[in-house]
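Q: Here is the input, now give the coordinates:
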Amino acid sequence: PTNTPTDMPASGPTDTPVVPPANTPTPTATTTPQPQEPADMAPVSADALTEMAKDRVVQDADGSRRYEGQFYFEADATFHTRALRALSPNVQLIAEFPSYRDGIRLAAARVPEPELDSVIAALRRLPGIRSADKTVVFHIDMTPNDPLWYMQRADGLDLMDLERAWDVSTGRRSVRVAVVDTGLNKITSPEFILSVAPGYSPGSIPDTDTTDFNGHGTMVASIIGAMSNNGYMMAGIAPGATIVPVRVCNIFGECPAPVIADGLRWVSNQGDIQVVNMSFEVGDRIDDVKLQLDLLQQTQSVIVVASAGNCGILVGDCTTTDVGFPANYGEVIAVAGTTAWGTRDPSSSYGPTLDVAAPMCLPALTLIPVGGVTEFCGTSASTPVISGLAALFKSTQPLCACGDGTLYNNTARFLNAMKRGGFGDRVWNQE
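A: Numbering: from 1, shown residues only. Below you'll find the model as predicted:
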C-alpha cells in the first residue's frame with residue numbers, strides 16, 4: 001500500500017497561483033455616496049439698499065407703499081435659507097441681517113409679484129419662521145432746501161403739490177428723458193453732476209458732442225432734472241431721472257426738420273428712453289418728423305411732450321392762436337402756459353388739441369454767467385414741467401405692454417393720472 005496522505009491534492013502543491021482569465025476586471029471596493037445638504041442661499045448683491053430699490057414702488061388699496069414682489073421674514077437659528085427654494089424656483093435672497101436681535105435674524109427676498117401672496121403664506125408655515133410680510137416702504141418728507149425752490153413755488157409750482165409727489169418718488173435713474181433741443185452744458189452747474197447721460201448730435205463730429213451754445217436746452221433740462229435738496233440753486237421736477245441731451249437746434253435757436261427727424265430716429269433706436277421733451281415748433285418739412293413720431297408711437301412705450309407755442313396774441317410772426325406742430329400731432333402731449341395763479345397766460349397758444357398746462361415763467365440755469373439762474377418764460381418752460389411729471393409717473397408705474405398703440409395707452413394713463421391728482425383741469429379751448 002502506498003502511504004500517501006489523504007489530505008494532499010493529487011494535482012500538486014497548494015501554493016500554485018491561479019491566473020484569472022484575460023480581460024477580467026479587477027474588483028475594486030465600492031462606497032455608497034452620502035447625500036449632501038444643499039447650500040444656503042447667498043444675497044444677490046452686497047449693497048442691500050441699492051438692490052431693494054431696483055424694484056418699483058407700488059401702492060396697495062390701503063394706501064401703503066411697498067416694493068413690488070419683495071418680502072421680509074424673521075427666523076431663528078434652525079431655519080436655513082435654502083428652504084426658500086422649495087417655495088418658488090424664482091426666489092432671490094436680497095439681504096440678510098444676522099445681528100437683528102439675539103437668536104433672531106432678519107432677511108429680505110423677492111419673487112415675481114403674482115407669486116408674492118402664496119409664497120408669504122407658505123413661508124409662515126415653515127418651522128423656524130417667526131414672521132413674514134411684504135416689504136413696506138417709508139419715505140422721508142421731501143421739501144427741498146434749494147434756495148430758489150420758494151421762487152419756483154411762487155411762480156406756480158405750488159399748485160402742483162410737488163412736495164407730496166416727491167414723498168413717493170423723485171424719479172429713478174433708469175427713467176431716461178430725452179431733451180431734444182439746443183444741447184446741454186453739464187459743466188455749467190453742479191446741478192447736473194449725477195443726472196446727465198451721453199446724448200446725440202446729428203451731423204456733429206463726434207456725434208456725441210451735445211455742447212449747448214444757445215442756452216435754451218440747458219434751461220429746459222434744468223427744469224426737468226436739476227439736482228434737488230443739495231442746498232444749491234433750484235430743484236428739478238424729477239431730479240432722480242436721467243437727462244439725455246439730443247442737440248437738433250443751432251446757436252441761433254433754429255431747428256431744421258431733417259435734423260429733428262434724425263434726432264428722433266436716434267431716440268427710437270435707443271430703446272430705453274421713456275420721455276421725450278420738445279420745447280419748439282416746426283414750420284416746414286414736417287413729414288420726416290411725423291414719420292419718426294409714428295415710429296415712436298408704434299414701437300416704443302414713450303411719452304412725448306411738446307410746447308403748444310407762444311401765439312396766444314397775434315403779434316410778430318404769429319398768424320394763428322392754435323397749438324403748433326409737433327404738439328398738435330397724434331398722441332403728443334400739447335402743453336400750454338399758465339400764470340402763477342393758474343390762469344392761462346395770454347401769450348400761450350391754445351385750442352382743441354391742447355392737453356394740459358403748466359407755469360410759463362420759472363427759474364432756470366443759464367450759460368452766462370456760468371452757473372447762473374434766470375427767469376425762463378414761454379411754453380418752452382411749461383413743457384419740461386410736464387416732462388418731469390411724466391418721468392415721476394414712469395418711475396412709479398409699470399410699462400404698458402399694449403402692442404399697437406402703446407404710446408397712446410401710456411400717454412392716456414399719464415394724463416388720467418394727472419387729472420385724478422388735480423392736474424390737467426386747466427385746459428382751455430376757447431380762451
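Q: List the contacts of residue 236.
A: 191, 195, 222, 223, 224, 225, 226, 227, 228, 388 (C-beta atoms under 8 Å, 6 or more residues apart in numbering). (Glycine included, C-beta is placed from N, CA and C.)
Q: Against residue 201, how distant is it?
A: In this view, residue 236 and residue 201 are 23 Å apart by C-beta to C-beta, to the nearest Å.
Q: for residue 308, same thing?
A: Relative to residue 201, residue 308 is positioned 26 Å away (C-beta to C-beta).
Q: of the two, who's got more company?
A: Per other C-beta atoms under 10 Å, whichever of residue 308 and residue 201 has more neighbours is residue 308, with 30 against 21.
Q: Could I get the contacting residues of that one?
A: 323-324, 327, 334-337, 348-351, 354, 379, 382.
Q: which of those has the most neighbours?
A: When neighbours are counted by other C-beta under 10 Å, residue 335 leads these with 33 neighbours.
Q: Doesn't that residue lie inside a strand?
A: Yes - assessed with DSSP: H, G, I helix; E, B strand; the rest coil, residue 335 lies in a strand.
Q: wait, it sits on residue 381?
A: No - the pair residue 335 / residue 381 is not scored as a contact, 9.7 Å apart, by C-beta atoms under 8 Å.
Q: Tell me how many other residues surround the closest residue to residue 154 other than its chain neighbours.
A: Of all residues not flanking residue 154 in the chain, residue 340 sits nearest, at 6.4 Å (C-beta to C-beta, 6 or more residues apart in numbering). Neighbour count of residue 340, defined by other C-beta under 10 Å: 17.
Q: Look up how far residue 222 lies from residue 340.
A: Taking C-beta to C-beta, one finds residue 340 at 19 Å from residue 222.
Q: burial of residue 50, as a residue count?
A: By the criterion of other C-beta under 10 Å, residue 50 has 9 neighbours.
Q: For it, give its distance to residue 136.
A: In terms of C-beta to C-beta, residue 50 sits 19 Å off from residue 136.
Q: now, which of the contacts of residue 308 lie within strands?
A: Assigned to strands by DSSP state E, the following of these qualify: 334, 335, 336, 337.
Q: Just to check, residue 240 is in contact with residue 169?
A: Yes - counting by C-beta under 8 Å, residue 240 sits close enough to residue 169 to count as a contact (7.1 Å).
Q: so what sits against both of those two?
A: Here residue 240 and residue 169 share the contacting residues residue 395, scored by C-beta under 8 Å, 6+ apart.
Q: would you list every one of the strands in the stretch 251-400 of the chain?
A: Listed in chain order, the strands of the stretch 251-400 of the chain (DSSP state E, counting those that start in this stretch) span 273-278, 303-307, 333-338, 356-359, 361-365, 373-377.
Q: Make CSV from the ones you listed and add distance to residue 209 and mean pLDDT to it.
A: CSV is the format used below for these (distance: least, C-beta to C-beta, whole Å; pLDDT from 0 to 100):
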stretch, distance to residue 209, mean pLDDT
strand 273-278, 19, 94
strand 303-307, 25, 93
strand 333-338, 29, 92
strand 356-359, 31, 90
strand 361-365, 20, 91
strand 373-377, 24, 90
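Q: can you put the ones you listed in TSV and add distance to residue 262?
A: Formatted as TSV, the strands of the stretch 251-400 of the chain follow (distance: least, C-beta to C-beta, whole Å):
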stretch	distance to residue 262
strand 273-278	14
strand 303-307	16
strand 333-338	22
strand 356-359	28
strand 361-365	27
strand 373-377	27
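Q: Just give me the closest of the contacts of residue 308 to residue 181.
A: Checking the contacts of residue 308 against residue 181 by C-beta to C-beta gives residue 379 as the nearest, at 13.4 Å.
Q: what number of residues lie near residue 185?
A: With neighbours defined by other C-beta under 10 Å, the count for residue 185 comes to 23.
Q: Residue 56 against residue 68, yeah?
A: Yes - between residue 56 and residue 68 there is a contact under C-beta under 8 Å: 5.3 Å.
Q: got any ranges where this protein has weak pLDDT?
A: 1-38, 63, 99-100, 139-142, 187-189, 283-285, 297-300, 368-371, 397-413, 416-431 (pLDDT under 70).
Q: Let me see the ranges of the helices in it.
A: Ranges of helices within the chain are 48-52, 116-124, 149-154, 162-166, 216-225, 257-270, 287-299, 379-396, 406-420, based on DSSP state H.
Q: among the ones you listed, which is nearest residue 210?
A: Smallest distance to residue 210 across the helices of the chain (C-beta to C-beta): 8.1 Å, for helix 216-225.
Q: which strands and helices sit next to that closest one?
A: Counting contacts by 3 or more C-beta pairs under 8 Å, 6 or more residues apart in numbering; DSSP states H and E, helix 216-225 is packed against strand 176-181, strand 242-247, strand 361-365, strand 373-377, helix 379-396.
Q: from the middle of its chain, how far away would the second one be?
A: Centroid displacement of strand 242-247 relative to its chain, using C-alpha atoms, centre = their mean, to the nearest Å, is 15 Å.
Q: And for the third one?
A: On the basis of C-alpha atoms, centre = their mean, strand 361-365 is displaced by 25 Å from the centre of the chain it belongs to.
Q: so what's residue 242 up against?
A: So residue 242 contacts 173, 174, 175, 176, 177, 195, 196, 197, 225 (C-beta under 8 Å, 6+ apart).
Q: Check residue 230 too.
A: Listed by C-beta under 8 Å, 6+ apart, the contact set of residue 230 reads 145, 146, 190, 191.
Q: re earlier: doesn't residue 359 make contact with the residue nearest to residue 154?
A: Yes - using C-beta under 8 Å, residue 340 is in contact with residue 359, at 6.5 Å.
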